[in-house]
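Participant: Model the structure of this input:
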Amino acid sequence: MTRVLVIGATGHVGTYLVPRLVRGGHEVLALSRGEREPYRSAPEWRSVQRVAVDREAEDAAGTFGDRIAELRPDVVVDMLCFSAASAQQLVDALRPTRPLLVHCGTIWVHGPAAIGSSFHVVSEQAMTMRGLAAGVAGWFGREPLLDLVDWSEFERRVGAEHAGVTRDHAGRSIAASIDRARDILGYTPRYSSLDALHESLRWLAANDQVDVGGQDF
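Facilitator: Predicted structure coming up:
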């Protein structure tokens, strides 16, 4: 039985990955901060070993990589890596035993980008914010209301915290070409960016998380 360790196991992808690994006959260790349950419950979680780890704190202390190595995994699936230093620490710690390391973290590991790179997991081609706004407004039978402002005005309107998050994401190019994945892996996305937004909004509306004014999705 293969011993598979999933870092960030209760996140968006881990929620679905962990049960599939269990059904595939693997022994699964699920690492997370332990602050939330998976997005969707599944009986397979009962056979999973849960491990609570604060990666940010242990990265800072230089202990995270060793903690993972001590668990003796055959495979490590890393869903939660945000910096080159964090990735390097894990690689160095695993090098002596050489388990299979599957890095599925974020494009953020490369730091702020000067040009686009990698690919967005749901988008066949990068869409501009203007295009997304037009698409979403179309669901409600209207045109988008766009107000182009400079950064200081944007920060004033949304607040420093939200503006900071926006800057972090925009500076790390979260939407870019998937040509390399298509050419090498034959990857074809199931959703466009607009499709993903539509399904997300439909779920939020169906679960009374957002008021869409009676709009039928």
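Participant: Enumerate the strands of the protein by residue range, in sequence order.
Facilitator: Assigned by DSSP state E, the strands in the chain fall at 3-7, 27-32, 49-52, 75-78, 100-103.
Participant: out of the ones you listed, nearest to Ala84?
Facilitator: Closest of the strands of the chain to Ala84 is strand 100-103, at 11.4 Å (criterion: C-beta to C-beta). From N, CA and C alone the C-beta is placed, and that goes for glycine too.
Participant: which outside residues touch the closest one?
Facilitator: Strand 100-103 is contacted by residues Asp74, Val75, Val76, Val77, Asp78, Cys81, Ala87, Leu90, Val91, Leu94, Val109 when judged by C-beta atoms under 8 Å, 6 or more residues apart in numbering.
Participant: Count residues in the vicinity of the last one, would you?
Facilitator: It refers to Val109. Neighbour count for Val109, taken as other C-beta atoms under 10 Å: 18.
Participant: same question, the third one
Facilitator: Other residues near Val76 number 23, with proximity taken as other C-beta under 10 Å.
Participant: for the second one, same thing?
Facilitator: Applying other C-beta under 10 Å, we find 16 other residues in the vicinity of Val75.
Participant: List only buried entries from the contacts of strand 100-103.
Facilitator: Neighbour-count burial (16 or more other C-beta atoms under 10 Å) applied to the contacts of strand 100-103 gives Val75, Val76, Val77, Asp78, Cys81, Ala87, Leu90, Leu94, Val109.
Participant: Please tabulate the residues you listed in JSON lines, including the columns pLDDT.
Facilitator: JSON lines is the format used below for the buried ones among the contacts of strand 100-103 (pLDDT from 0 to 100):
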{"residue": "Val75", "pLDDT": "97"}
{"residue": "Val76", "pLDDT": "97"}
{"residue": "Val77", "pLDDT": "97"}
{"residue": "Asp78", "pLDDT": "96"}
{"residue": "Cys81", "pLDDT": "90"}
{"residue": "Ala87", "pLDDT": "93"}
{"residue": "Leu90", "pLDDT": "96"}
{"residue": "Leu94", "pLDDT": "97"}
{"residue": "Val109", "pLDDT": "80"}
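Participant: can you pull the contacts of the closest residue to Ala85 other than its chain neighbours?
Facilitator: Nearest non-adjacent residue to Ala85, counting by C-beta to C-beta, 6 or more residues apart in numbering: Asp59, 7.4 Å away. Shown in contact with Asp59 (C-beta under 8 Å, 6+ apart): Ser83, Ala85, Ser86, Gln89.
Participant: domains in the chain, as residue ranges please.
Facilitator: Annotated domains of the chain cover 3-105, 129-206 [automatic domain parsing].
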